[in-house]
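Student: Any chance you could fold what I've pasted below:
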Amino acid sequence: MKARLLVDDAVGETRRMLLDEQGRPFRLHLERWSERGARPLLNDIRWGRVRARIPGNRGWFVDLGHGPEGVVEPTQAARVIEGAMLAFRVKAEAWADKGPLLSLGDISPKLTPPDRPALHAPAEIDSFLEGVTITDTVSDAEARTWIDAAIDEAAHAIVQLAGGGDIAVDVARAAVVIDVDSGARKSLGDAERFAQELNLAAAEAAARQISMRSVGGLVLIDFIGMKQAEGRRALVARFRDALSLYLGRSSDVLEMSRLGVVEVAVARRGRPLSDALGAGSVERIALETLRAIETAGWQDRGARLVARVSPEVEAWLDHDHIGWQKALGDRIGQRWTIEARAGEPVVGHGGHPDVRSV
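Tutor: Numbering: from 1, shown residues only. I've put the predicted structure just below:
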């Protein structure tokens with residue numbers, strides 16, 4: 001699949017996005033500076049300390065030195081010894097309150113394990129670019145604008161379809177449920193053709209949203225009912241192809257049920273976008289504030305800038321454990337002030353940081 005790569009290398013966080021050939025976003029990846037080298041990433045080889053057996057003999061918990069403990073499934077449990085420092089490959093990143101899924105790493109047995117959990121080797125292949133050919137790369141202000149818009153899109157449950165109708169994406173603990181609604185879409189009189197055209201548009205949109213939001217596990221898609229078996233099979237085939245194209249890998253997609261529901265098993269691999277965003281966290285708002293200051297600095301190169309934040313965000317920025325002050329100063333000059341205001345909502349005005357030129 002041909003795609004455009006957008007890179008926003010902002011102070012405090014690097015964000016990447018892929019656009020399909022129609023200019024629509026279908027993958028997003030966020031990496032905070034505070035996480036670099038610490039958070040276990042897909043296909044990393046990491047040293048971890050085997051801590052304890054999972055109740056019910058369902059594998060082992062592993063201390064990776066950062067974040068929730070990893071899990072080794074029962075299929076490899078026989079090769080794991082409690083208390084041992086072993087090398088593991090990350091098969092799936094942590095999500096919600098679940099730790100990374102691990103398998104034993106394929107490394108030389110002659111290597112001496114470190115004293116504490118640590119990164120042994122980063123992934124050899126960038127899974128974010130799996131299955132795509134990059135046609136060109138966009139960065140700086142243009143990339144930032146595109147990525148901001150895509151994140152806003154992914155934050156909404158309702159996604160409008162071209163020609164009318166929409167899909168609603170509901171991410172629950174047990175499953176991701178996607179509902180197709182005709183809305184104000186007009187029928188031309190042939191109910192079966194109307195349902196097929198709406199469902200085909202919804203299938204592609206659903207595949208793109210699954211990929212962009214990086215959701216996994218059980219996915220249930222409730223399409224508009226179709227009577228003709230041939231049309232139902234064609235719809236499922238279209239969805240299966242679109243999902244494989246956007247994810248860069250195949251998924252288990254069942255045929256449509258009599259009730260119009262398609263069940264899908266999407267392997268969990270990367271961190272869900274909602275987890276990466278860390279909605280409402282102090283660090284998330286602090287990083288958005290730094291990005292807003294940098295953007296304002298691009299737009300008005302001579303002005304002093306003032307960012308009004310909550311005391312919690314001001315304290316996080318003042319600590320400067322990621323080295324943002326020097327990095328931002330190198331980019332726009334030392335011309336900003338951070339003002340803490342008691343009672344300032346941690347999410348910022350209208351969900352965005354309050355940064356002004358003075």
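Student: Relative to Leu19, how far out is Gly248?
Tutor: Distance from Gly248 to Leu19, counting by Cβ to Cβ, to the nearest Å: 15 Å. In short, each C-beta sits where N, CA and C put it, glycine included.
Student: do the same with Pro109
Tutor: According to Cβ to Cβ, Pro109 and Leu19 sit 44 Å apart.
Student: Would you mind telling me which of these two has the busier surroundings?
Tutor: For Pro109 against Leu19, the residue with the higher neighbour count under other Cβ atoms under 10 Å is Leu19, and the figures read 19 against 5.
Student: excluding its backbone neighbours, what's nearest the more buried one?
Tutor: Leaving aside its chain neighbours, Leu19 sits nearest to Arg4 (4.3 Å; criterion: Cβ to Cβ, 6 or more residues apart in numbering).
Student: Surely the one you found is in contact with Thr137?
Tutor: Yes. Assessed by Cβ atoms under 8 Å, Arg4 is found in contact with Thr137 at 7.5 Å.
Student: The two - which one has more neighbours?
Tutor: Arg4 (19 against 11).
Student: same for the host helix or strand of the more buried one, what does it pack against?
Tutor: Using DSSP states H and E, the secondary-structure element containing Arg4 is strand 2-10. With contacts defined as 3 or more Cβ pairs under 8 Å, 6 or more residues apart in numbering; DSSP states H and E, the packing partners of strand 2-10 are strand 13-19, strand 133-139, helix 140-155, helix 282-299.
Student: let's see it at 10 Å
Tutor: The contact analysis (3 or more Cβ pairs under 10 Å, 6 or more residues apart in numbering; DSSP states H and E) places strand 2-10 against strand 13-19, strand 25-32, strand 133-139, helix 140-155, helix 282-299, helix 324-332.
Student: Tell me which of the ones you listed lies nearest to Ala342.
Tutor: Ala342 lies closest, by Cβ to Cβ, to one member of the helices and strands packed on strand 2-10: helix 282-299, at 15.2 Å.
Student: I'd like the next helix or strand past that closest one.
Tutor: Later in the chain than helix 282-299, the nearest helix or strand by DSSP H and E is strand 305-309.
Student: now that next one: how far from the chain's centre is it?
Tutor: Distance of strand 305-309 from the chain centroid (Cα atoms, centre = their mean, to the nearest Å) equals 28 Å.
Student: chain center to stretch 50-57: distance?
Tutor: The offset between the C-alpha centroid of stretch 50-57 and the centroid of the whole chain comes to 29 Å, using Cα atoms, centre = their mean.
Student: Counting neighbours, which bits of that stretch end up buried?
Tutor: Val50, Arg53 (16 or more other Cβ atoms under 10 Å).
Student: How about stretch 249-269?
Tutor: Within stretch 249-269, the residues that qualify as buried are Ser251, Val253, Met256, Gly260, Val262, Val264, Val266, Arg268, Arg269, counting by 16+ other Cβ under 10 Å.
Student: Format those as TSV; extra columns: distance to Glu153, pLDDT and secondary structure.
Tutor: Formatted as TSV, those follow (distance: Cβ to Cβ, whole Å; pLDDT from 0 to 100; DSSP: H, G, I helix; E, B strand; the rest coil):
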residue	distance to Glu153	pLDDT	secondary structure
Ser251	22	96	coil
Val253	24	98	strand
Met256	27	95	coil
Gly260	26	92	coil
Val262	23	98	strand
Val264	21	98	strand
Val266	19	97	strand
Arg268	22	92	coil
Arg269	22	94	coil
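Student: how about JSON lines for these, with distance to Asp190 added?
Tutor: Formatted as JSON lines, the entries for these read as follows, by distance: Cβ to Cβ, whole Å:
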{"residue": "Ser251", "distance to Asp190": "31"}
{"residue": "Val253", "distance to Asp190": "27"}
{"residue": "Met256", "distance to Asp190": "19"}
{"residue": "Gly260", "distance to Asp190": "18"}
{"residue": "Val262", "distance to Asp190": "22"}
{"residue": "Val264", "distance to Asp190": "28"}
{"residue": "Val266", "distance to Asp190": "33"}
{"residue": "Arg268", "distance to Asp190": "40"}
{"residue": "Arg269", "distance to Asp190": "41"}
